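Trainee: quick one, structure for this:
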Amino acid sequence: MQRAYSLTSSLLSAFILLLGLAMIAGAVARGGGVVLGVVLGAAFVAIGAGRLLIARATSER
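Mentor: Purely as a prediction, here's the structure:
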């Protein structure tokens, strides 16, 4: 059960990270609302990357 939780958590984290990258790319491509799109996208990237780092650190124990 722990392995399934770890895998699901890692997949969700990667999805959040990719969603953030897509938000940044979309905001830059549209040109409008760049500040909000980039800031929110960067926040999603940071959250996703942070979750991935924490998940990897706890799975190595």
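Trainee: quick check: nearest residue in space to the residue sitting nearest the centre point of the chain, chain neighbours excluded?
Mentor: Taking C-alpha atoms, centre = their mean as the criterion, residue 17 is the residue nearest the geometric centre of the chain, at 2.0 Å. Setting aside the residues directly before and after it, residue 17 is nearest to residue 48 in space (C-beta to C-beta, 6 or more residues apart in numbering), at 3.0 Å. For every residue, glycine as well, the C-beta is placed using N, CA and C.
Trainee: okay, the one you found: pLDDT?
Mentor: At residue 48 the predicted local confidence, pLDDT, stands at 96.
Trainee: ok, it to residue 18 distance?
Mentor: Counting by C-beta to C-beta, to the nearest Å, the gap between residue 48 and residue 18 amounts to 8 Å.
Trainee: look up how far residue 55 lies from the closest residue in space to residue 36 that isn't next to it in sequence.
Mentor: Nearest residue to residue 36 in three dimensions, chain neighbours excluded: residue 27, at 7.4 Å (C-beta to C-beta, 6+ apart). For residue 27, the distance to residue 55 under the criterion C-beta to C-beta works out to 27 Å.
Trainee: picking that back up, so between residue 48 and residue 18, which is more surrounded?
Mentor: It is residue 48, of residue 48 and residue 18, that has more neighbours when counted by other C-beta atoms under 10 Å, with 20 against 13.
Trainee: SS state for the residue nearest to residue 17?
Mentor: helix (DSSP: H, G, I helix; E, B strand; the rest coil).
Trainee: the residue nearest to residue 36 sits in which helix or strand?
Mentor: Applying DSSP states H and E as the criterion places residue 27 in helix 2-30.
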